[in-house]
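Colleague: next comes the sequence, and after it the predicted model I'd like to discuss.
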Amino acid sequence: MRYVLQLFTFLLISCQFSVQAQGSGSFGSSPTLSVRSENLLPPIDPLFPPVTYLKKIPSKTLQHRIESLVHGITMDTPPEYDYYGYEIRRYMASVGNINIFDNKKAINGQISNIENAFIVMRYWREDLDKNIKEIEHIINEENKSSSERSHFRYKKSVVSAFMIECQQWLYHNKIWLEYLIEIDGEYRFYDPEFSFDNAKQKKKFIALYNVKEAARAEINQYMPFRMMIY
């Protein structure tokens, strides 16, 4: 028996939807979606055209250097100076969109984008770790005030939290796409419906989707990443 998942007009790709299984899974009581918005049109992928990166002006004060830790994380930065965050968003702009379903080649292409985003994130973390160590050295060597130390600790904690949440966002998108490859040929997408060969696949699909959406909701809390929809 085939299990059908109603996806309205744009399935579960939009940030407008959250998936909730209801009923037994038979065709007569198919699982449905709870809808947070009346907008059932597919969202438009955010545009991140390639840019020419420019050299940053070195920070002249410790205060500015501490603040620069969160540039591109909690503070918007012009794309030409946002070496890492902009590239991650560019790689992730279309990951999970409607074009991937029943299209193994497209899924593999998006997995490659995620892997590239992981590489950029690794370089970003290394750069931040280097700056954090240098700032710590200056604070200790020059015996900076308690307020400067507190300010630095706070920014450092923001960086740490962001790196964890960004990694989770990338990871759970990758896991979801890999599952679509795993069940390739065992599900069908007929807009606006998904149908599955068995209930376990349907249940796991929904669970992985909801986890990746929760991770996206967390990354959306960071201003430069608020436009990410997948």
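Modeller: It's in.
Colleague: measure Glu67 to Val159 for me?
Modeller: 12 Å (C-beta to C-beta, to the nearest Å). All C-beta atoms are positioned from the backbone trio N, CA, C, and that covers glycine.
Colleague: cool, and Gln63?
Modeller: Counting by C-beta to C-beta - Gln63 and Val159 are separated by 16 Å.
Colleague: what do you get for Ser68?
Modeller: On the measure of C-beta to C-beta, Ser68 and Val159 end up 11 Å apart.
Colleague: quick one, which of Glu67 and Val159 is more surrounded?
Modeller: Val159 (20 against 15; other C-beta atoms under 10 Å).
Colleague: and that one, which of the three is it?
Modeller: helix (DSSP: H, G, I helix; E, B strand; the rest coil).
Colleague: so it makes contact with Asn131?
Modeller: No - with contact defined as C-beta atoms under 8 Å, Val159 and Asn131 do not form a contacting pair (9.3 Å).
Colleague: find the residues that touch each one of the two.
Modeller: Each of Leu69 lies in contact with both Val159 and Asn131 under the rule C-beta atoms under 8 Å, 6 or more residues apart in numbering.
Colleague: ok, the closest residue to Arg89 other than its chain neighbours - how many residues close by?
Modeller: Closest residue in space to Arg89, ignoring its immediate chain neighbours: Phe48 at 5.4 Å, by C-beta to C-beta, 6 or more residues apart in numbering. Phe48 is flanked by 17 other residues according to other C-beta under 10 Å.
Colleague: same question for the one 3 residues further on.
Modeller: In terms of burial, Val51 registers 15 neighbours under the definition other C-beta under 10 Å.
Colleague: confirm that it sits in a strand.
Modeller: No - assigned with three-state DSSP, Val51 falls outside any strand and is coil.
Colleague: could you number the chain from 40 rather than 1 from now on?
Modeller: I'll keep to 40 as the first residue from here, and by that count the last item is Val90.
Colleague: do you know the pLDDT at it?
Modeller: pLDDT recorded at Val90 is 93.
Colleague: give the contact list for it.
Modeller: Counting by C-beta under 8 Å, 6+ apart, the residues that Val90 touches are 118-119, 125.
Colleague: now do Ile146
Modeller: Contacts for Ile146 were tallied using C-beta under 8 Å, 6+ apart; they are 139, 216, 219-220.
Colleague: mean confidence (pLDDT) on the helix or strand hosting it, please.
Modeller: Assigned by DSSP states H and E, Ile146 falls within helix 143-180. On average, the pLDDT along helix 143-180 is 97.
Colleague: pretty sure Glu204 is touching Ala253, no?
Modeller: No - judged on C-beta under 8 Å, Glu204 makes no contact with Ala253 at a distance of 10.4 Å.
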